[in-house]
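Undergrad: fold the following for me, if possible:
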Amino acid sequence: MLKVYFTVDVEIWCDGWVDLDKKFNKAFQHYIYGPTNNGAYGLPYMLDVLNEYGLKAVFFVEPLFSLRFGSNPLAEIAGLILEANQPIELHLHTEWVDEAKTPLLPGIKEKRQHLRYFHSNEQQILIETGKNLLLQAGVKQINAFRAGSFGFNVQTLAALRKAGICVDSSYNATHMGLDSGLMPGQILTEPLLHDGVY
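TA: Residues are numbered from 1 along each chain as shown. Alright, predicted model coming up:
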């Protein structure tokens, strides 16, 4: 029998970075509920299909957007997934760092698309912040992580270990995995334990 991990990145985008507050409600509906002319095909639909067939997925939820728009939308997302008895893990898109209403990393006033563009201590702060946001939204435990756009580096793994997160799902050999600093010169095709993180 073939074993497959089904994973879903749950994130919100506002079609650019201008007029975010005006665009957010529509973007939230679009990315979470997926309304179309033929019905809604977003997160609740996916959860229903998984449960109908007795399947489990891992939902990597991006929480940093809530530093701009408050905790209620994040709690709504977490509630939908938890009610469906599906697991939630941590996903970070660092494009939200400079959009936080209270500065998350003083001195960061520009977009940095990938977690790898932050120093190790900054990565630690971002990972801990994301983890805490999910715990505050009702998630009981965070065991796994995926960097937005797979933009991690070897420093990310050390930060994850310090945060008590033991599984990373950021390695992508076709997208920045090879220059992450993890196993230089090798293409990973199997799980690996590195610095206490699988």
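
Undergrad: pull the longest helix from the protein.
TA: helix 120-136 (DSSP state H).

Undergrad: contacts for that helix?
TA: 61-64, 66-67, 71, 74, 78, 88, 90-92, 94, 97, 104-105, 108, 115, 118, 142, 145, 155-156, 158-160, 162-163, 165 (CB atoms under 8 Å, 6 or more residues apart in numbering). Using the backbone N, CA and C atoms, a C-beta is placed for each residue, glycine as well.

Undergrad: could you give the average pLDDT over it?
TA: Averaged across helix 120-136, pLDDT comes to 97.

Undergrad: end-to-end on stretch 62-72?
TA: 14 Å (CA to CA, to the nearest Å).

Undergrad: can you list contacts of that stretch?
TA: 9-12, 20, 24, 73-74, 90-94, 96-97, 99-102, 104, 126, 129-130, 133-134, 136-137, 148.

Undergrad: now, which of those lie within helices?
TA: Reading helices off the contacts of stretch 62-72 with DSSP H, I get 20, 24, 73, 74, 126, 129, 130, 133, 134, 136.

Undergrad: skipping adjacent residues, who's closest to the fourth one in space?
TA: In this case it means residue 74. residue 66 (4.1 Å; CB to CB, 6 or more residues apart in numbering).

Undergrad: what separates the one you found from residue 146, distance-wise?
TA: Distance, residue 66 to residue 146, by CB to CB, to the nearest Å: 18 Å.

Undergrad: also residue 181?
TA: For residue 181, the distance to residue 146 - CB to CB - is 17 Å.

Undergrad: tell me which of the two has more neighbours.
TA: residue 146 (22 against 13; other CB atoms under 10 Å).
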